[in-house]
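[1] output the structure for:
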Amino acid sequence: MSGVFKNLDASDIRLTPFKAYRRSTVYTTYSAAINLKVPDGKEDIYNEPYYANEFIVNTTNDRSVNTIWYGTDAQFYRFYYTNPKAALGDTTNPKNQPRFLSNKALVISIPQTEYGERIEPTTFEMVVNGVTFVDDIHGNLRTQASLAYQVSASNVVFNLKPSIYTWQFGKTITEFTQAVSDESPAEVSLFNAQVTASAFETELKLDNTTYPNSSSIRIDPVMSEWYNFQDRDYTITLNYSGSGNCILLQKKQLYENQGTDLEGRPKRALVYRYPYRLSLDNAKRLVFEKSDGGTTLKVTSSAPIAPGPIVLTRSQSLFTLAYHTASGTGDSGTDIKAITFTDTFRSASRDGFCINNASIYVGADENGFSGSNGVFGNIAFLKQSVDTATVNTGLIYLLSGSAQSGGRNNIYQTVGNVFRRQGFVVVTDKKVVESIEAYGIDSLKYRGTTTINEVEVSCTVTPGELQFTNNPSAHAYDPVAESYVLADFATGSQFKPYITRIGLYDDRNRLLVVGTVTQPIQLPQNVDTTFIIKYDV
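    Numbering: from 1, shown residues only. Modelled structure (predicted):
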């Protein structure tokens, strides 16, 4: 059969990869609400209870919710901000893909047979109860409307991320110091604080009743100038739920060195300079103060605040302090109040006298003495200002149950993350999770990517080669040779076979690919003939 076979060289074979795309709607969901009563490290494994009398809560797919939650946390969220390489996902820069995991989440799992190598960026779209959620370029899941109002990650100086402490769920942290990598790093120390879960994602709870004057949070900036309002536009956001007559947030300095004495020792003077101090009075009215050590700018809200977000922003010489009041309809946003006032320390001659290098205390004074039994969350420092409309929209975003927002509750206004290469979509916003549980998913679509290699094989036939034929009508049995040979009529010089099919075989003579030419080709006797076979794998 030497007349119908020809050996090929590796140089005759070329691979050309190209992308193929496929739109699909196939998915599976797992709803996971962590059981806060299960100690850290003692979660349910393989749907087996840790306690003999423990009742396992399963998802609709018959999976332990604790297993789903802890597995998601370990793979995609835990230690993400301090060590991005320890978590899966496309984005390795936490400033591009901020991740928040509350105590309740929903996982959308997409089979790899549907998405191939990865879900294409910006192609994931999910509609829940009429609200459309999309994937942005960084793998953040947002509503389409939210894209115009999102906070730029590059403008986040620092964000206190309680999600870092998710493994401490339900535990009192006597003292816990955590360095966080942001635009301006800071050391965070927790004293008798407790990680808890609320309507506003994972938060830090201060307990001044159990730990009087010792429950507090301290932020020690590495670059203090970014944490002052020193002659720049700036925004601070936080969530608070708790009692009145307490300090919310302050950066206040008691003493500072002012020259030296006759013996060369620094002279420490008692001053009260602070670029901002937010507190609540006995009536739970919001109080803002700024002082250069002598003169104090003080503004008090006209109405008591309700649990929720607080936004303090400054644009040029104007401060805007927005908050959520106890009156009004809530979800419609009519209970949002905004106070606008002039920064009297704006001038270059005075503004510098308000800055300091002091630590930032959350829920405590400059000595670390707590005055709050409240819950804090989403504390962020932004090197940008926002206009009143955006402040109001941002507050609506942060309000739980808002019809306009679906319950976004972090400064980036994300409701989850899309991990494209793993085919995982994690909905972390509890209000959206509850909406999916109540109404289901109206529609879900995405585009998957698969790399296909086009194989091109070249076979050059020289004159005199491949002159045999596999056509049985041209064969005759030779009893001497005990094989089939060409019949007498096909041995003349005028007999020239036609090429109708080309087969590719491996080194064990197994047929791999068969190609059929569009019309029979007769091999010429004086020139080479090259056949090119293409197929996709």
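[2] any idea how far the nearest residue to residue 135 once chain neighbours are set aside is from residue 142?
    Using Cβ to Cβ, 6 or more residues apart in numbering and skipping the chain neighbours, the partner closest in space to residue 135 is residue 124 (3.9 Å). Where C-beta positions appear, they are placed from N, C-alpha and C, glycine not excepted. Taking Cβ to Cβ, to the nearest Å as the measure, residue 124 falls 11 Å from residue 142.
[3] what do these two both touch?
    With contacts taken as Cβ atoms under 8 Å, 6 or more residues apart in numbering, the residues that reach both residue 124 and residue 142 are residue 134.
[4] neighbours of the residue nearest to residue 135, just the number please.
    Residues near residue 124, counting by other Cβ atoms under 10 Å, number 23.
[5] I figured it was touching residue 134, is that so?
    Yes - between residue 124 and residue 134 there is a contact at 6.8 Å, judged by Cβ atoms under 8 Å.
[6] that older thread, can you pull the contacts of the residue nearest to residue 135?
    134, 135, 141, 418, 425, 445, 446.
[7] let's see that with 6 Å instead.
    Residues counted as contacts of residue 124 (Cβ atoms under 6 Å, 6 or more residues apart in numbering) are 135, 418, 446.
[8] who wins for neighbours among the residues you listed?
    Highest neighbour count within the contacts of residue 124: residue 418, with 30 neighbours (other Cβ under 10 Å).
[9] which of the three states applies to it?
    When classified by DSSP: H, G, I helix; E, B strand; the rest coil, residue 418 comes out as strand.
[10] wait, what's in contact with it?
    Counting by Cβ under 6 Å, 6+ apart, residue 418 has contacts 124, 135, 139, 141, 425.
[11] now, these that are in helices?
    Residues of the contacts of residue 418 located in helices (DSSP state H): none.
[12] from the residues you listed, pick the one nearest residue 337.
    Of all these, residue 141 has the smallest distance to residue 337: 30.4 Å, by Cβ to Cβ.
[13] tell me how far the closest one lies from residue 237.
    In terms of Cβ to Cβ, residue 141 sits 20 Å off from residue 237.
[14] same check, this time on residue 520
    For residue 520, the distance to residue 237 - Cβ to Cβ - is 76 Å.
[15] pick out whichever of the two has more residues nearby.
    Each of residue 520 and residue 237 has its neighbours counted (other Cβ under 10 Å); residue 237 has more, 24 against 10.
[16] my read: that one touches residue 380, true?
    Yes - the pair residue 237 and residue 380 passes the contact test of Cβ atoms under 6 Å, sitting 4.9 Å apart.
[17] and stretch 116-129, what's buried?
    Neighbour counts using 16 or more other Cβ atoms under 10 Å place 116, 118, 119, 120, 121, 123, 124, 126, 128 of stretch 116-129 among the buried residues.
[18] out of the residues you listed, which comes closest to residue 489?
    residue 116 (54.3 Å).
[19] give me the distance between the nearest residue to that closest one once chain neighbours are set aside and residue 111.
    In this structure, residue 116 finds its nearest non-sequential neighbour in residue 450, 3.5 Å apart by Cβ to Cβ, 6+ apart. From residue 450 over to residue 111 the distance is 13 Å, taken as Cβ to Cβ.
[20] same check on residue 312?
    Residue 312 is 47 Å from residue 111, by Cβ to Cβ.
[21] the more surrounded of the two?
    residue 312 (22 against 12).
[22] that one: which element?
    strand 296-315 (DSSP states H and E).
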